[in-house]
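K.L.:
Structure, please.
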Amino acid sequence: MTASTGSHGSYIVLARKWRPAQFSDIVGQGHIVRTLMNAIRSQRIHQAYLFTGSRGIGKTSIARIFAKVIRCESTRDTADGEWLRSCDECASCKEIASGNGIDVIEIDGASNNGVEAVREIRENAKYMPSTGNRKIYIIDEVHMLTTAAFNALLKTLEEPPAHVIFIFATTEPHKIPATILSRCQRFDFRRVNVAQIQARLAEITRAEGLTVEPGALALIARAAEGSMRDSQSLLDQVIAFSGSQLTVQSVRESVGLVEGQTLLGILAGIFGRKPLEALQFVEQAYSRGHDLRVLTRSLIEFLHGAVLAKIGAPNSSTLELAEEEWKELRAIAELRSLEEIELIFQVLHHGLEWIARSPQPKVVLDVLLVKCATAEALVSVDSVNSPSGRGTTTTAATSGAASIASPAASAARSAPVSSNTPVATSAPASVSAPVVNAPRAAASAPAASAASHQPAATVTAAPAKPAPVPGSQTWESFIEHVRGTRPLLATILEHGICAGTPTSEAGALRIHFTPNDSYFRDQLQSRVYHEQLLAFAKEYFVANAFLQIELKNEGESLAMRRERELKERERNARAAAQNHPIIIEARALFGGELGPIQLTDEENGNG
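P.N.:
The predicted model follows:
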């Protein structure tokens, strides 16, 4: 690669000085470079191209190189035939390299986004190029054009003059009308990976005569997040900070990256259930001026490394940890199970956006870390053994995620659960562990919300219960029996109407739902709930019990009765209030109407 030089000795930033000048200089976009070179060789050049991708990955650079090779007077292949090169000596190459090409017009779509600008392009496109046989328009940030401007460009784009080529570049292709997209050859650029960025930075530092400590360029490459231009800008910043000696510490201090020992200390506090230690490391990073979003992203990367260490993977190339740090991370990862690490990963991943939007990001991060460190131990459902071998069941989704992800986004709680999903428990032999910070009222949540969370796996575990007194096995007592271990299932049963309980002669438990409650019928017929209900029926009634579930528009369920009685109490309370002497006098003095009536717990029958 040849470095550009500034006029009159002025300094040129590295991103411009080391901007690719030939196809062979492009990094990470081999699929696009090969296609464009083959199109030039075979003279199958399209009338319009669309380059899409994130910032700083070569869209405009490739557009300029493509234009230069097309217009070069002495385009040739390299000796090995792999690359197509321009001569860089002819007048056209020199004009394009200096940005003064008359027949290669670069337009900023953000500032020339109106119909007038497009009309000017259409008028000028009619004229032949001043030299050569191609006139090329490069429109950057083309998605910024107005709808009217796009419409004005349609005809010219569909049937342009034979000598005109359009090259569009954008970071947001979804904003471009389909009528434009259908007239272009589209190339989606890839993010440049860490190894490729690191190799290019090493080439630049050697050419610039810099001394670089191993690992320093890897940190810059990671911080660039796939953008080659960002990595070169960061390198400029580090050079300005530390001079010709680039060390890992100077990169961390100048770019604002968090030290590996700080991140390992936070993880050790979380995994070791020592939240105060984790918060002390966060406070140290915060006092040094580190961005808490960067800190959280770095923690997520280290959690990714902990997951890899847990499954026996070698040192992650994306983390670029020293061997001692990698060994320490592996030792920390041994403190928690793989399922627990994955849940902590979910919490921080979903909490990252909350931290970014919060006016008090440190408070949010502290709460998240305390939740992760103090959540109860997690035990796989498959490892929980039944003490009695009876048919009662427990859900796999018992608040392992909900207990620690409560401050984060609800998506962490609604993630799909597999048969190996961990269960929050205070002891391996217990399956009825309390939920961390879960309100007691959660067991009686509204039916539609409660019934939607079906358990994904079952295990047999239940302490021995006293046998029901003969003759006392009513539908209501059965629901209360179920509620002791399965409140969600009991909530569904409250909307059902029992037409008959099992006996030794007739073992059918007949339940029907009204058409308005068909949702609960469908829930009850799902495999997991059906198996749970059948196990309860055999345990509570008779061993040969079986289920009959259907829709029928008759009878009154417990839920319907409760709602009817509540409305009746509300009517009585409103009537009593309206006839109360104080209310009558107040309405006479001030006017107005009686507002909503709210029943107390005593009036609801709960007191």
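
K.L.:
Going by C-alpha atoms from here, please, whenever you check contacts or count neighbours.
P.N.:
Fine.

K.L.:
in this protein, which spans are strands?
P.N.:
48-52, 76-77, 84-85, 104-108, 135-140, 164-170, 185-188, 211-212, 245-246, 378-380, 422-424, 497-500, 508-513, 546-551 (DSSP state E).

K.L.:
and residue 222, how many residues sit next to it?
P.N.:
By the criterion of other CA atoms under 10 Å, residue 222 has 19 neighbours.

K.L.:
outside of stretch 275-292, which residues touch it?
P.N.:
256-258, 262-263, 265-270, 355, 361-362, 365-366, 369-370, 373-374 (CA atoms under 8 Å, 6 or more residues apart in numbering).

K.L.:
mean confidence score for that stretch?
P.N.:
Averaged over stretch 275-292, pLDDT sits at 90.

K.L.:
mind listing what's buried in that stretch?
P.N.:
Across stretch 275-292, burial judged by 16 or more other CA atoms under 10 Å covers 275-279, 281-282, 285, 290-292.

K.L.:
now, among these, which is nearest to residue 111?
P.N.:
residue 291 (32.9 Å; CA to CA).

K.L.:
Now that closest one: phi and psi?
P.N.:
Backbone torsions of residue 291, given as degrees, to the nearest 10, read phi -70, psi 130.

K.L.:
any idea how far residue 275 is from the residue nearest to residue 272 when sequence neighbours are not counted?
P.N.:
Beyond its immediate neighbours in the sequence, the residue positioned closest to residue 272 (CA to CA, 6 or more residues apart in numbering) is residue 335, lying 6.5 Å away. To residue 275, residue 335 is 14 Å away according to CA to CA, to the nearest Å.

K.L.:
returning to what we had before: now for the strands of the chain, which one comes closest to residue 158?
P.N.:
Proximity to residue 158 (CA to CA) singles out strand 48-52 among those, at 8.8 Å.

K.L.:
Who are the packing partners of the closest one?
P.N.:
Where contact means 3 or more CA pairs under 8 Å, 6 or more residues apart in numbering; DSSP states H and E, strand 48-52 is packed against strand 164-170, strand 185-188.

K.L.:
How about residue 545, nearest residue that isn't a chain neighbour?
P.N.:
Nearest non-adjacent residue to residue 545, counting by CA to CA, 6+ apart: residue 507, 4.3 Å away.

K.L.:
ok, that neighbour to residue 276 distance?
P.N.:
58 Å.

K.L.:
cool, residue 218 as well?
P.N.:
From residue 218 across to residue 276, the span is 31 Å (CA to CA).

K.L.:
hmm, back to that, ok, now which ones touch the residue nearest to residue 545?
P.N.:
Residues in contact with residue 507 (CA under 8 Å, 6+ apart) are 501, 542, 544-546.

K.L.:
For residue 253, grab the count of nearby residues.
P.N.:
Applying other CA under 10 Å, we find 18 residues neighbouring residue 253.

K.L.:
what's the spatially closest residue to residue 299 that is not a sequence neighbour in contact with, if anything?
P.N.:
Nearest non-adjacent residue to residue 299, counting by CA to CA, 6+ apart: residue 263, 6.2 Å away. When contacts are counted by CA under 8 Å, 6+ apart, residue 263 touches 281, 295, 298-299, 302.

K.L.:
so which of the residues you listed comes closest to residue 72?
P.N.:
When the contacts of residue 263 are ranked by distance to residue 72 (CA to CA), residue 298 comes first, at 46.5 Å.

K.L.:
The closest one is in contact with residue 258, isn't it?
P.N.:
Yes: contact criterion CA atoms under 8 Å: residue 298 and residue 258 qualify, at 7.4 Å.

K.L.:
chain center to stretch 13-20: distance?
P.N.:
Relative to its chain's centre, stretch 13-20 lies at 33 Å (CA atoms, centre = their mean, to the nearest Å).

K.L.:
roughly how far apart are the residue lying closest to residue 149 once chain neighbours are set aside and residue 147?
P.N.:
Once flanking residues are discounted, residue 149 sits nearest to residue 115: 4.4 Å by CA to CA, 6+ apart. From residue 115 across to residue 147, the span is 9 Å (CA to CA).

K.L.:
what do you get for residue 334?
P.N.:
To residue 147, residue 334 is 57 Å away according to CA to CA.

K.L.:
Now do the buried residues in stretch 14-31.
P.N.:
Those would be 14-15, 17-23, 26-29, for stretch 14-31 by 16+ other CA under 10 Å.

K.L.:
now the residues you listed as TSV including pLDDT?
P.N.:
Shown next, in TSV, are the buried residues of stretch 14-31 (pLDDT from 0 to 100):
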residue	pLDDT
14	93
15	92
17	91
18	92
19	92
20	93
21	92
22	93
23	94
26	94
27	93
28	91
29	93
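
K.L.:
In JSON lines, list these along with distance to residue 311.
P.N.:
Shown next, in JSON lines, are the buried residues of stretch 14-31 (distance: CA to CA, whole Å):
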{"residue": "14", "distance to residue 311": "41"}
{"residue": "15", "distance to residue 311": "39"}
{"residue": "17", "distance to residue 311": "44"}
{"residue": "18", "distance to residue 311": "41"}
{"residue": "19", "distance to residue 311": "41"}
{"residue": "20", "distance to residue 311": "40"}
{"residue": "21", "distance to residue 311": "44"}
{"residue": "22", "distance to residue 311": "43"}
{"residue": "23", "distance to residue 311": "41"}
{"residue": "26", "distance to residue 311": "36"}
{"residue": "27", "distance to residue 311": "32"}
{"residue": "28", "distance to residue 311": "30"}
{"residue": "29", "distance to residue 311": "32"}
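
K.L.:
Poorly predicted segments of the chain, please.
P.N.:
Residue ranges of the chain with pLDDT under 70: 1-9, 316-322, 376-472, 504-506, 585-592, 594-607.

K.L.:
domain assignment for it?
P.N.:
Using automatic domain parsing, the domain parsing of the chain gives 7-188, 194-255, 260-374, 475-555, 558-607.

K.L.:
What segments of the stretch 1-150 of the chain are helices?
P.N.:
With helices called from DSSP state H, counting those that start in this stretch, the stretch 1-150 of the chain shows them at 14-17, 30-41, 59-71, 91-98, 115-125, 147-158.

K.L.:
CA atoms of the longest one as PDB?
P.N.:
What it means is helix 59-71. C-alpha atoms of helix 59-71 as PDB (Å, rounded to 0.1, in the frame of the first residue of the first chain):
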ATOM      1  CA  LYS A  59     -17.800   1.700   0.400                       C
ATOM      2  CA  THR A  60     -16.500   5.000  -1.000                       C
ATOM      3  CA  SER A  61     -12.900   3.800  -1.300                       C
ATOM      4  CA  ILE A  62     -14.000   0.900  -3.500                       C
ATOM      5  CA  ALA A  63     -16.200   3.300  -5.500                       C
ATOM      6  CA  ARG A  64     -13.200   5.500  -6.200                       C
ATOM      7  CA  ILE A  65     -10.900   2.600  -7.100                       C
ATOM      8  CA  PHE A  66     -13.600   1.100  -9.400                       C
ATOM      9  CA  ALA A  67     -14.000   4.500 -11.200                       C
ATOM     10  CA  LYS A  68     -10.200   4.900 -11.500                       C
ATOM     11  CA  VAL A  69      -9.600   1.400 -12.900                       C
ATOM     12  CA  ILE A  70     -12.500   1.900 -15.400                       C
ATOM     13  CA  ARG A  71     -11.100   5.200 -16.700                       C
END
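
K.L.:
Many thanks, we can stop here.
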